[in-house]
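> fold the following, please.
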Amino acid sequence: MKTINLRGTEIGKGIPKIIVPIVDCTADAIVAKAMTLKGTALHMVEWRADFYEDVMDTESVMDVLSRLRTALGEIPLLFTFRTKREGGERPIDMDAYTILNKTVAESSLVDAVDVEIFFSDTVARENIQAIHRAGVIVVGSNHDFNKTPDRSDLLYRLRKMQEMGADIPKIAVMPTCKADVITLLYVTQEMYTKYADRPFITMSMSGDGVISRLCGEVFGSSMTFGAVGQVSAPGQIPVEQLNMVMEILHNAMYM
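From the prediction side, this is the model:
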């Protein structure tokens, strides 16, 4: 499996790398939050732009990105507009979504852009190609806040994201019982051992699924989301606790 290096962070090797989201609504609050993250034991910051009050104003988005880049220094930055249909804050027209992602990628201010793969094949490919032309990596994503699909469906989604050209496929699902968490972990291990040729991310959300955010190195998930005050999805836990548990697991695996 190949790894991905972003500003000195090697994704796909060793302990899963931690992503921390910023979900504030105003430009000043977004930048202020970024300033507090410097010095935190994290590996990537995700700006959830769908929370931003002026996200449809391109000039405002570029201004925030510029300020974020300055505030974060060499911490990799992931830009995400999570659509309403996949659990985000607002709906967006497909054309506007594509233009926004393309413009952000071409700004040279971000290291990765999230693309929802199951909008439509045409939209996904257009986004992926435009982002890659700008020299930025794609986190291909899919979210189900209602259930955990069965094994074959989960594996199909992960493999399709990889085949579509996403550099880091990502899937997040909601468990309705503990057995759903086991299903997600089983598929993670199967993807890792049989099909993955690049890093990928899986997670089971909510309290029952929190174990999936901790044991990625055991089953094959390369990144996880942690909280510094704010959360962007159910089940995220504080970065300090996340680092401690993952280090314990890592050391136990290689004793």
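
> can you map out the strands along the protein?
For the chain, strands defined by DSSP state E occupy the ranges 4-6, 9-11, 17-22, 44-48, 77-80, 112-116, 137-144, 168-173, 201-204, 223-227, 237-238.

> and the third one, what does it pack onto?
The criterion is 3 or more CB pairs under 8 Å, 6 or more residues apart in numbering; DSSP states H and E, and the helices and strands that strand 17-22 contacts are helix 27-37, strand 44-48, strand 223-227, helix 239-253. C-beta coordinates here come from the backbone N, C-alpha and C atoms, glycine included.

> Ser152: which of these is closest?
Checking the helices and strands packed on strand 17-22 against Ser152 by CB to CB gives strand 223-227 as the closest, at 24.2 Å.

> got the phi/psi numbers for Ile15?
Main-chain torsions, Ile15, degrees, to the nearest 10: phi -60, psi 140.

> wait, it sits on Val218?
No: if you go by CB atoms under 8 Å, Ile15 and Val218 don't touch, sitting 10.9 Å apart.

> low pLDDT regions in the protein?
Counting by pLDDT under 70, the chain has low-confidence residues at 230-235.

> quick check: closest non-adjacent residue to Val20.
Once flanking residues are discounted, Val20 sits nearest to Leu42: 4.8 Å by CB to CB, 6 or more residues apart in numbering.

> quick one, helices of the stretch 51-200 of the chain?
For the stretch 51-200 of the chain, the helices defined by DSSP state H, counting those that start in this stretch occupy 58-72, 94-106, 121-133, 151-163, 178-190.

> need the ones you listed in a markdown table with mean neighbour count, can you?
Output for the helices of the stretch 51-200 of the chain, formatted as a markdown table (neighbours: other CB atoms under 10 Å):
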| stretch | mean neighbour count |
| --- | --- |
| helix 58-72 | 17 |
| helix 94-106 | 18 |
| helix 121-133 | 18 |
| helix 151-163 | 18 |
| helix 178-190 | 19 |
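
> could you dump the ones you listed to CSV with distance to Met35?
Listed next are these as CSV, based on distance: least, CB to CB, whole Å:
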stretch, distance to Met35
helix 58-72, 5
helix 94-106, 21
helix 121-133, 27
helix 151-163, 33
helix 178-190, 34
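
> can you tell which of those helices is closest to Lys2?
Evaluated with CB to CB, those place helix 151-163 nearest to Lys2, the distance being 11.6 Å.

> with only the CA atoms kept, save that closest one in PDB.
Provided in PDB are the C-alpha atoms of helix 151-163 (Å, rounded to 0.1, in the frame of the first residue of the first chain):
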ATOM      1  CA  ARG A 151     -20.800  -5.900   4.500                       C
ATOM      2  CA  SER A 152     -21.100  -6.200   0.700                       C
ATOM      3  CA  ASP A 153     -22.400  -2.600   0.400                       C
ATOM      4  CA  LEU A 154     -19.800  -1.100   2.700                       C
ATOM      5  CA  LEU A 155     -17.000  -2.900   0.700                       C
ATOM      6  CA  TYR A 156     -18.600  -1.800  -2.600                       C
ATOM      7  CA  ARG A 157     -18.600   1.800  -1.500                       C
ATOM      8  CA  LEU A 158     -15.000   1.800  -0.300                       C
ATOM      9  CA  ARG A 159     -13.800   0.000  -3.500                       C
ATOM     10  CA  LYS A 160     -15.700   2.400  -5.700                       C
ATOM     11  CA  MET A 161     -14.200   5.400  -4.000                       C
ATOM     12  CA  GLN A 162     -10.800   4.000  -4.700                       C
ATOM     13  CA  GLU A 163     -11.600   3.100  -8.300                       C
END
